[in-house]
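Participant: Predicted coordinates and the sequence they were generated for:
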Amino acid sequence: MNKYLYTCHRFIFLILIVLSGVGCATDSTKAPAKQAPVKSGSASSDTSKKNNTRKDTKTIIFFGNSLSAAYGLDPAQGFVGLIEKRIDSLKLNYKVVNAGNSGETTSGGKERIGWILENNQPDIFVLELGGNDALRGLPVDAATANLQAIIDAVKEKYPSAKILLAGMMAPPNMGNEYTTKFAAMYPQLAKENNAALIPFLLDKVGGQPELNLPDGIHPNIEGHQIVRETIWKELKSLLVD
């Protein structure tokens, strides 16, 4: 009987260790020691690879959090994958890189940007971060500084890259002062950096239960299709035939 209890306790202990490891792995505020190469985000990546054989192929990087990563869905169903499919269907000479990382804050993005730029050369850089800062009530001034540092890193390494900033809004429970300051952060950064701006990435999707997963935060398939159109409205003017 004692031997049986010892075996059960040992088994439970091992499960707890595994679960603890999973929790640590999802802490995206820390830069990974070693990260696998970032891949295109949709099922049409084979087409992008074929296009990439041309020397003049341009690159669009979506650098964001779980929204870019299409949390809860197949990446091909998310707005990054849908943008890639549209670009391929229009036979535009671009490849799309999905550098979305679930749980990412602006601080985590600041730590990760160097690795991304070492492995990819963006012609268009879509910056989609800040939502997790707002959900956690992190200081707006710190988020602003982190986003500026990311933009600076892109400009320093690839001066000709075009920046598209995806604006977000803080939840109303954070208070009027915080939400107002947070909402103003994106237009301010866009103006100071001569960047294109998506005023609100989740326009017509945020707060609509039928367009989001049960968590009420992440878009479902239909929601991502609407977000794709919101992005495309600003992105298409940055594309070069």
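Facilitator: Great, that's in hand. Numbering: from 1, shown residues only.

Participant: L135: neighbour count?
Facilitator: 14 (other Cβ atoms under 10 Å). Any C-beta I mention is one placed from the backbone N, CA and C, and that applies to glycine too.

Participant: so how far is V240 from the closest residue to it other than its chain neighbours?
Facilitator: Nearest residue to L135, sequence neighbours excluded (Cβ to Cβ, 6 or more residues apart in numbering): P171, at 6.8 Å. Distance, P171 to V240, by Cβ to Cβ, to the nearest Å: 37 Å.

Participant: Where does the closest residue to N65 other than its chain neighbours sit: helix, strand or coil?
Facilitator: Once flanking residues are discounted, N65 sits nearest to E104: 4.1 Å by Cβ to Cβ, 6+ apart. Three-state assignment for E104 (DSSP: H, G, I helix; E, B strand; the rest coil): coil.

Participant: ok, E104 touching F62?
Facilitator: No: using Cβ atoms under 8 Å, E104 is not in contact with F62; the gap is 11.9 Å.

Participant: Helices of this structure, residue ranges please.
Facilitator: 2-25, 45-51, 79-89, 106-119, 131-136, 140-157, 176-192, 221-235 (DSSP state H).

Participant: Look up how far P209 lies from the residue positioned nearest the centre of the chain.
Facilitator: In the chain, the residue lying closest to the centroid (Cα atoms, centre = their mean) is G64, at 1.7 Å. Shown here: G64 relative to P209, a distance of 23 Å by Cβ to Cβ.
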